[in-house]
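Chemist: got a sequence here, can you build the structure:
(2 chains)
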Protein chains: 2
Amino acid sequence: MNRVYNFSAGPSMLPLPVLEKAASELVNYGESGMSVMEMSHRSPVYDAIIKNAEAKLRELMNIPDNYKVLFLQGGASTQFSAVPLNLIGRTGKADYIVSGQFSGKAFKEAQKMGYDVKCIATSKDTNFDRIPTVTKDMIRGDTAYLHICFNNTIYGTKYPEIPDTGDVPLVADMSSCIISEPVDVSKFGVIYAGAQKNMAPAGLTVVIVRDDLLEYCDPKAPTMLEWKTMAENGSMYNTPPCYPIYIAGLVYEWILGIGGLEEMKRRNVEKAELLYNYLDSQSYYIAPVLKSSRSMMNVTFVTGDAELDSKFAKDASKAGLVNLKGHRSVGGMRASIYNAMPKEGVAALVKFMDEFAKANPKA
Amino acid sequence: MNRVYNFSAGPSMLPLPVLEKAASELVNYGESGMSVMEMSHRSPVYDAIIKNAEAKLRELMNIPDNYKVLFLQGGASTQFSAVPLNLIGRTGKADYIVSGQFSGKAFKEAQKMGYDVKCIATSKDTNFDRIPTVTKDMIRGDTAYLHICFNNTIYGTKYPEIPDTGDVPLVADMSSCIISEPVDVSKFGVIYAGAQKNMAPAGLTVVIVRDDLLEYCDPKAPTMLEWKTMAENGSMYNTPPCYPIYIAGLVYEWILGIGGLEEMKRRNVEKAELLYNYLDSQSYYIAPVLKSSRSMMNVTFVTGDAELDSKFAKDASKAGLVNLKGHRSVGGMRASIYNAMPKEGVAALVKFMDEFAKANPKA
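Modeler: Below is the predicted model:
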């Protein structure tokens, strides 16, 4: 059947059992006589699907009862606008940490809207090779929130720990690390994530928001960007992205079935260590990220020679290891090893890296 | 295999050959070694999929070259905000016709944003049983656009012809009638449609916009709602709803394969006539919509007895004719007979209606 190991940064691999189940019931779901794609979102059969997806995500992430779970559209990029629209009314200003391209976009989007926003820390001067150091005194006491990107897909960095913001609500874009390991949701005011990396096909955005933060929305905000409206309507103010929600539910069940986020983390640590240990054991490839900021999901490396980098991605692709080219703004290589990437895929990559290094000595 | 006839107003039936093809290649698309759901949206294989979908839609609708086709997220409800944000800058005011619930929502959304918007005509006083009469002199000469909902899903009405707006750009929500018949795109400034009725699973919104209308966007608008940004990035400013776009492409190919929109219209007229002719031939059921405003896609009818209506929907469901209950805001029955509903489904409905009338005489 010739499935490849797909190291794409997103959309990315989904668990094979999930895809096989989806294929088997695509034309006719259960006793419904129709595809999930054809179901009225207001029908009992679909209601059970969306409620199951929410329940399974709550179980998986141990989400406290005073948080709403929203299944939305528009990607994290839409949340770059929704975050300030929903929250800045709390105090009138907002703080951001810029640790890569997406947190930079989030910051610029809030600026564009004319708000009082401040970048309190960035690692731009070292090309985002680390998470900037942040201490509590750097955060404005009267900021409505502090926004971070918890895992930086493009650069391959991740916060080593959750920043302590005291009473200031912490807002985190977790698009590329959500449900990869247990996380204490209660430390966050808002968690949001595009689903297309660890959860589902593209077109679904999950927002987890603490109840008390639903009260500050700009009265002129587009209704579709109001978290409160979406919460009050159970994510069905309009037609939700029904099929990606269904797949997300299957993915959540798959993770629960293997043992939940503790086991998911064990597997992800094992995969990441396999790759990082290899990188640290040789000198052909360079891993540019500071060790303490390394991502468990996105592993970046370069040969130091742009032509070799290019050859690497091409040769790897021929060997069934695809989408290893680094982001167009960075170059080099990037292996995204999300939940659905099996250990065998990472082992095959390490083997290929070693063979490539031997076959292509540097000048 | 026990597929039912699904009369849902949306999401709704998709062509069986499309579903079967999607199922057959869900786990492994072509030679790619992966699911369409897993593909990087920036990969050549996905690029071919989205470009094919756009090309096929252009061919199907005969879209002029000076119109952009955008594949977006958020549903028509998000466009209720995007339309004023993108267009009102042209003159500072906007006119709306309110012919049902969704056009009412679009109007209120523009009002909410604080703009000078005017409802120039409505059929609210007759419970939206018709399209209101509009003449050119009712439209403000300096309006940035006139917004209409071309087919009203809930009430079962449709504009008998395209209103003549002169130089004023006509903006039409075509969610429930797009690609059901040929339409002269050049008569519109903007056409938009949620995909989940006639085109694809929920989660995709198609916007067709004339080039000159890309220049008026509010500088503080959420970037994701800027048509120009989306147009300049080929709908890939961020990750698009990849899988629904792929299904839409298959649906477009299916329609082209049967003969395009002329043949689609012939089939849709045939189905609608079957049902309306039956309704006009008897007195048990009442079709509340004015004949000249009848929709070809959504056919509403009542028995005049709420208990009988309720029994009808339940008994029909048992007979494999599902989702015939009218919208919760209207009651009665509604048969949505979109492109993918076969003639046999409508014939089965008419037969059931006749049997139900005989078996359940009115008191």
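Chemist: can you show me the helices along the stretch 151-300 of chain A?
Modeler: In the stretch 151-300 of chain A, the segments counted as helices under DSSP state H, counting those that start in this stretch are A:227-232, A:242-258, A:260-280.
Chemist: where in chain A is pLDDT low?
Modeler: Applying pLDDT under 70 to chain A picks out residues A:1.
Chemist: how is it carved up into domains?
Modeler: As assigned by automatic domain parsing, chain A contains the domains A:16-256, A:259-359.
Chemist: can you list the residues of the stretch 101-250 of chain A near chain B?
Modeler: Taking Cβ under 8 Å from any Cβ of the partner chain as the criterion, the neighbours of chain B within the stretch 101-250 of chain A are A:109, A:112-114, A:194, A:196, A:201-204, A:219-220, A:222-225, A:237-244, A:247. (C-beta placed from N, C-alpha, C; glycine too.)
Chemist: which of the residues you listed fall within strands?
Modeler: The strands, defined by DSSP state E, take in A:Gly194 from those.
Chemist: what residues does the stretch 251-363 of chain A have near chain B?
Modeler: Residues of the stretch 251-363 of chain A lying close to chain B (Cβ under 8 Å from any Cβ) are A:Gly320, A:Val322, A:Asn323, A:Arg328.
Chemist: buried residues in the helix or strand harbouring A:Ala53?
Modeler: Of the helices and strands defined by DSSP states H and E, A:Ala53 is found in helix A:44-61. For helix A:44-61, the buried set under the neighbour-count rule, 16 or more other Cβ atoms under 10 Å in any protein chain shown, comprises A:Val45, A:Tyr46, A:Ile49, A:Ile50, A:Asn52, A:Ala53, A:Glu54, A:Lys56, A:Leu57, A:Arg58, A:Leu60, A:Met61.
Chemist: ok, now stretch A:16-27?
Modeler: Neighbour counts over stretch A:16-27 (16+ other Cβ under 10 Å) mark A:Val18, A:Leu19, A:Ala22, A:Ala23, A:Leu26, A:Val27 as buried.
Chemist: just to revisit the earlier point, got the helices of the stretch 151-300 of chain A as CSV, with mean neighbour count columns?
Modeler: Putting the helices of the stretch 151-300 of chain A into CSV (neighbours: other Cβ atoms under 10 Å in any protein chain shown) gives the following:
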stretch, mean neighbour count
helix A:227-232, 18
helix A:242-258, 23
helix A:260-280, 17
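Chemist: dump those helices to a markdown table, plus distance to A:Ile88.
Modeler: Written out in a markdown table, the entries for these read as follows (distance: least, Cβ to Cβ, whole Å):
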| stretch | distance to A:Ile88 |
| --- | --- |
| helix A:227-232 | 13 |
| helix A:242-258 | 29 |
| helix A:260-280 | 32 |
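Chemist: mind checking which of the ones you listed is nearest A:Cys177?
Modeler: helix A:260-280 (9.4 Å; Cβ to Cβ).
Chemist: can you name the residues in contact with that closest one?
Modeler: Contact with helix A:260-280 is made by A:60-61, A:179-182, A:255, A:258, A:285, A:287, A:294, A:296-297, A:299, A:301, A:335, A:337, A:339, A:341, A:343, A:346-347, A:349-350, A:353-354, as judged by Cβ atoms under 8 Å, 6 or more residues apart in numbering or on different chains.
Chemist: quick one: the strands in the stretch 1-150 of chain A, in order.
Modeler: Counting by DSSP state E, counting those that start in this stretch, the stretch 1-150 of chain A has these strands, from start to end: A:5-6, A:67-72, A:93-98, A:116-122, A:146-149.
Chemist: got the ones you listed as JSON lines, with mean neighbour count columns?
Modeler: Formatted as JSON lines, the strands of the stretch 1-150 of chain A follow (neighbours: other Cβ under 10 Å):
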{"stretch": "strand A:5-6", "mean neighbour count": "26"}
{"stretch": "strand A:67-72", "mean neighbour count": "21"}
{"stretch": "strand A:93-98", "mean neighbour count": "24"}
{"stretch": "strand A:116-122", "mean neighbour count": "18"}
{"stretch": "strand A:146-149", "mean neighbour count": "28"}
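Chemist: so A:Cys217 sits right up against A:Val83, yeah?
Modeler: No. The criterion here is Cβ atoms under 8 Å, and A:Cys217 misses it with A:Val83 at 10.9 Å.
Chemist: looking at those two, which is more packed in?
Modeler: For A:Cys217 and A:Val83, the more surrounded residue by other Cβ atoms under 10 Å in any protein chain shown is A:Val83, and the numbers stand at 28 against 20.
Chemist: and the nearest residue to that one once chain neighbours are set aside, how many neighbours?
Modeler: Distances taken as Cβ to Cβ, 6 or more residues apart in numbering or on different chains place A:Val171 nearest to A:Val83, at 5.7 Å, with adjacent residues excluded. By other Cβ under 10 Å, the residues close to A:Val171 number 28.
Chemist: now do the same contact list for A:Val171.
Modeler: A:Val83, A:Leu87, A:Tyr145, A:Leu146, A:His147, A:Ile148, A:Phe188, A:Gly189, A:Val190, A:Ile191, A:Tyr192.
Chemist: re earlier: out of the domains of chain A, flag the one nearest B:Arg130.
Modeler: Nearest to B:Arg130 among the domains of chain A is domain A:16-256; the distance by Cβ to Cβ comes to 25.3 Å.
Chemist: residues contacting A:Leu213?
Modeler: For A:Leu213, the set of contacting residues under the criterion of Cβ under 8 Å, 6+ apart consists of A:Asn86, A:Leu87, A:Arg90, A:Pro169, A:Gly189, A:Val190, A:Trp227.
Chemist: just give me the closest of those to chain B.
Modeler: The shortest distance between chain B and any of the contacts of A:Leu213, using Cβ to the nearest Cβ, involves A:Asn86 and amounts to 11.9 Å.
Chemist: tell me the contacts of the closest one?
Modeler: A:Asn86 makes contacts with A:Leu213, A:Leu214, A:Tyr216, A:Cys217, A:Asp218, A:Ala221, A:Leu225, A:Glu226, A:Trp227, A:Lys228, as judged by Cβ under 8 Å, 6+ apart.
Chemist: okay if I get the contacts of A:Val171 as a markdown table plus distance to B:Gln101?
Modeler: Listed next are the contacts of A:Val171 as a markdown table, based on distance: Cβ to Cβ, whole Å:
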| residue | distance to B:Gln101 |
| --- | --- |
| A:Val83 | 30 |
| A:Leu87 | 30 |
| A:Tyr145 | 35 |
| A:Leu146 | 40 |
| A:His147 | 36 |
| A:Ile148 | 40 |
| A:Phe188 | 37 |
| A:Gly189 | 34 |
| A:Val190 | 31 |
| A:Ile191 | 34 |
| A:Tyr192 | 30 |
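Chemist: what's the closest of the residues you listed to A:Ser123?
Modeler: For the contacts of A:Val171, with A:Ser123 as the reference and Cβ to Cβ as the criterion, the closest is A:Ile148, at 12.0 Å.
Chemist: wait, the closest one touches A:Ala172, no?
Modeler: Yes. Using Cβ under 8 Å, A:Ile148 makes contact with A:Ala172 at a distance of 5.3 Å.
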